[in-house]
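> Predicted model and sequence follow; I will ask about them next.
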Amino acid sequence: MKHIEKIIFLVVLIVVAGLSAWVFMGDAKAPNASQDIPPAGGSFPLEEYTGIPPLPQVNWPEPMPQDSEGKWLYRVFTPPVLYIVDGAFVPVRPVDPVPDEPEPEPEPFGVALTDITRNMYRLQLDAIYETKLNDVDSAVLSFENVYATQTERPTVTLKKGETDEHFQFRVDDIERKEKRIGGGLEREHVATITDLKTGKTVLLSDRDTLYEEGVTLTFESTVSPGQTVTLKSVGETFEMNDATYTLSEINLDNSSVQLVKESETLDVPEVKTLTPETVEPVTETPSPQATQPNTESGSSDFDQLFN
């Protein structure tokens, strides 16, 4: 072991000696920095600082007057006025398009049909009671007394061939009619009676209501609600809203009538079909002053909170 330690010591000693020799030899070969810098070639004279030279005098032209009184207007950084026309900027104001005049509203017809009044016949076939199967001739017929008072019977029952002296009518015949509708069978009974008051023959059905002849039609102005007139037959005329109206047709099957309107403002008569409707009253539109809130009173109330 002692020999190995001596060998390691000698190796380390040799390495240290070699490094020291390399360092000393390198310093001896390094150039002198002062020798590499060449001397300055010439001298530079110093001048005295005298400041910034003064600017030359500038004479600005006088502004040109813009009116006859010799006044002018200074516009500083005012951009030019430009207009956008079809997506491009132009300096000339385009001509404003002239708005189209609104088409005049058509003249209102001015009249509405508000009621169709028809009087029911005093007797109506209400029901039929067969005493024998499929034998309507022996059936009992029940008639409704439409205008029955508190002291009168509301219904009257008779058979074929019988007469009621109090209500003055006689049952002459009873007939059953059958009609197939789709997959069902519809039955209707029609009684033939003689009205002893008038001597007329009347047909009563248990499916339809029979009305007296004649009708009363009520018309009302839509321009001046409350102004009404009644008509009863085709051809009658009336004047309303500075126009003349003529009743030209009455259709009770669909509860409609046809009126013809004539006035000085119409080139040709106006024809219109009317059905019953309700005329709404005209409401006055409040003026803007009436609907504008009172801001003065509101602001004074608000100020009082801080007083």
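Arrived safely.
> For burial, what's the neighbour tally of the nearest residue in space to L266 that is not next to it in sequence?
Spatial nearest neighbour of L266, excluding adjacent residues (CB to CB, 6 or more residues apart in numbering): E107 at 7.2 Å. Every residue, glycine included, has its C-beta placed from N, CA and C. The tally of other residues near E107 (other CB atoms under 10 Å) stands at 13.
> From K261, how far out is E107?
9 Å (CB to CB, to the nearest Å).
> what does S255 give?
S255 is 20 Å from K261, where distance means CB to CB.
> Compare these two (neighbour count), which wins?
K261 (19 against 13).
> is it fair to say that one lies in a strand?
Yes - assignment of K261 by DSSP: H, G, I helix; E, B strand; the rest coil places it within a strand.
> now it, which residues is it bridged with?
K261 has these beta-bridge partners by DSSP bridges: Y245, E270.
> how near is it to G87?
K261 is 52 Å from G87, by CB to CB.
> Next: F167.
90 Å.
> that older thread, and the residue nearest to L266, that's in a helix?
No - read with three-state DSSP, E107 is coil and lies in no helix.
> Break this protein down into its structural domains.
Listed domain ranges for the chain are 120-205, 214-274 (source: automatic domain parsing).
> so how far is the last one off the chain centroid?
To tie it back to what came earlier, the one meant is domain 214-274. Distance of domain 214-274 from the chain centroid (CA atoms, centre = their mean, to the nearest Å) equals 32 Å.
> and what of the longest one?
Taking CA atoms, centre = their mean, the mean C-alpha location of domain 120-205 is offset from the chain mean by 54 Å.
> returning to that earlier point: who's more crowded, F167 and G87?
Shown here are F167 and G87; by other CB under 10 Å, F167 has more neighbours (18 against 5).
> Name the nearest residue to the more buried one, sequence neighbours excluded.
Nearest non-adjacent residue to F167, counting by CB to CB, 6+ apart: V156, 5.6 Å away.
> where does the stretch 201-307 of the chain dip in pLDDT?
For the stretch 201-307 of the chain, the stretches with pLDDT under 70 are 280-307.
> repeat that for 90
Applying pLDDT under 90 to the stretch 201-307 of the chain flags the ranges 213-214, 223-226, 241, 252-253, 265-267, 277-307.
> Over to the stretch 1-150 of the chain?
For the stretch 1-150 of the chain, residues meeting the criterion pLDDT under 90 lie at 1-108, 130-138, 147-150.
> Just list the residues touching the residue nearest to F167, thanks.
Contacts for V156 were tallied using CB atoms under 8 Å, 6 or more residues apart in numbering; they are L123, S142, F143, N145, D164, F167.
> cutoff 10 Å now
V156 makes contact with L123, D126, L141, S142, F143, E144, N145, A148, D164, H166, F167, F169, according to CB atoms under 10 Å, 6 or more residues apart in numbering.
> Is it correct that the fourth one is in contact with I174?
No - using CB atoms under 10 Å, S142 and I174 do not qualify as a contacting pair, with a distance of 11.9 Å.
> Have a look at the two and say which one is more surrounded.
I174 (22 against 16).
> Would you mind measuring from I84 to T218?
Taking CB to CB, one finds I84 at 61 Å from T218.
> wait, I181
I181 sits 36 Å away from T218, going by CB to CB.
> picking that back up, the more surrounded of I84 and T218?
Using other CB under 10 Å as the criterion, I84 and T218 rank with T218 on top: 15 against 9.
> Kindly format the C-alpha coordinates of the helix or strand the more buried one falls within as PDB.
According to DSSP states H and E, T218 maps onto strand 216-221. Written as PDB, here are the backbone C-alpha positions of strand 216-221 (Å, rounded to 0.1, in the frame of the first residue of the first chain):
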ATOM      1  CA  THR A 216    -137.700  43.600 -40.900                       C
ATOM      2  CA  LEU A 217    -134.100  44.700 -41.600                       C
ATOM      3  CA  THR A 218    -132.300  47.200 -39.400                       C
ATOM      4  CA  PHE A 219    -129.300  49.100 -40.800                       C
ATOM      5  CA  GLU A 220    -127.000  51.400 -38.800                       C
ATOM      6  CA  SER A 221    -124.500  54.000 -39.900                       C
END
